[in-house]
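**Student:** the amino acid sequence is not available; the structure is as follows:
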């Protein structure tokens, strides 16, 4: 979300975090913040907490899931929303689990996707022409003035179905990767064999600090300075705050396109 940039400097991380905490009060804890590298953009704070009740719906999985967008220069709230009912999130979970809880909806969606893929494959088998004469009318329309409506209807299904097969199969297979861990692992094993490469365990390399630790700033401000100096071309930085005292702070770096890894930026 766009934010007007006044002439003065950006507010500190701790100040903006404090404003987000004041927005929700003590009842709701700030869970995460998305900070885009574009200085014109607002900071997106989220408050999220899972629920453990016995409901079956998507909304029963969380006690709350809210967002607030804060101007980083004035610390003013630009916009806030209840993300549980945000349109695109509802559409996402309608596809993901039919708006049921994941352990209920995911098997339903996954099983339906599996049958969809099987129908595509068996349909291709039945469709495949048995001889050269049959191939002539399977890949393109060959209508004449005397071609009847039944034949045209048959060709529309027959020919357009073939050309949409590849797209439909890709959608079905990628859906199965999300739905079934066993299918995801099988695909990875097949691809590794095709590349003649066994999966390797890559150990994270420590990052050499490129930013100076400023004792006058909060820990969050220093970490933000660190990641901005280390990853200056990143699109955004995601901070996931610890929900328990012993839990760590997680920081994710997001690029708009895949960036090559090197010894200087491997985490």
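**Tutor:** In hand now; what should we look at? Model, not experiment: these values are computed from the prediction.
**Student:** list the contacts for residue 43?
**Tutor:** Residue 43 is in contact with 16, 33, 34, 35, 69, 70, 72, counting by CB atoms under 8 Å, 6 or more residues apart in numbering. C-beta: built from backbone N, CA, C; applies to glycine.
**Student:** hey, what's the closest residue to the fourth one other than its chain neighbours bridged with?
**Tutor:** Put plainly, it is residue 35. Spatial nearest neighbour of residue 35, excluding adjacent residues (CB to CB, 6 or more residues apart in numbering): residue 237 at 4.8 Å. Beta-bridge partners for residue 237, by DSSP bridges, are residue 35, residue 253.
**Student:** what about residue 237, how many residues nearby?
**Tutor:** Counted with other CB atoms under 10 Å, the neighbours of residue 237 add up to 19.
**Student:** any idea how far it is from residue 17?
**Tutor:** 14 Å (CB to CB, to the nearest Å).
**Student:** could you report the pLDDT at residue 72?
**Tutor:** For residue 72, the pLDDT comes out at 94.
**Student:** next up, the contacts around it.
**Tutor:** So residue 72 contacts 3, 10, 11, 16, 39, 42, 43 (CB under 8 Å, 6+ apart).
**Student:** dump the residue contacts of the closest residue to residue 140 other than its chain neighbours.
**Tutor:** Leaving aside its sequence neighbours, residue 140 sits nearest to residue 159 (CB to CB, 6+ apart; 6.7 Å). Residues in contact with residue 159 (CB under 8 Å, 6+ apart) are 138, 139, 140, 141.
**Student:** quick one on the thing from earlier: of the contacts of residue 72, closest to residue 127?
**Tutor:** residue 42 (51.8 Å; CB to CB).
**Student:** returning to that earlier point: so of the contacts of residue 72, which ones are in strands?
**Tutor:** Under the assignment DSSP state E, the contacts of residue 72 contribute residue 43 to strands.
**Student:** buried subset of the contacts of residue 72?
**Tutor:** Among the contacts of residue 72, those scoring as buried are 3, 10, 11, 16, 42, 43 (criterion: 16 or more other CB atoms under 10 Å).
**Student:** hang on, the earlier thing: thought the residue nearest to residue 35 was touching residue 225?
**Tutor:** No - Residue 237 sits out of contact with residue 225 when judged by CB atoms under 8 Å, with a separation of 10.8 Å.
**Student:** continuing past the helix or strand encompassing the residue nearest to residue 140, what's the next helix or strand?
**Tutor:** Per DSSP states H and E: residue 159 is located in helix 149-179. Toward the C-terminus, helix 149-179 is succeeded by helix 181-194 as the next helix or strand (DSSP H and E).
**Student:** check which helices and strands the helix or strand that that following helix is followed by sits against.
**Tutor:** Downstream of helix 181-194, the first helix or strand assigned by DSSP H and E is helix 219-230. Counting contacts by 3 or more CB pairs under 8 Å, 6 or more residues apart in numbering; DSSP states H and E, helix 219-230 is packed against helix 13-24, strand 236-240, strand 250-254.
**Student:** just the buried residues of the longest one, please?
**Tutor:** The reference is to helix 13-24. Using 16+ other CB under 10 Å as the test for burial, helix 13-24 gives 13, 16, 17, 19, 20, 23, 24.
**Student:** contact partners of that helix?
**Tutor:** Contacts of helix 13-24 (CB under 8 Å, 6+ apart): 30, 33, 43, 45, 47, 66, 68, 70, 72, 75, 77, 80, 218, 220-221, 224.
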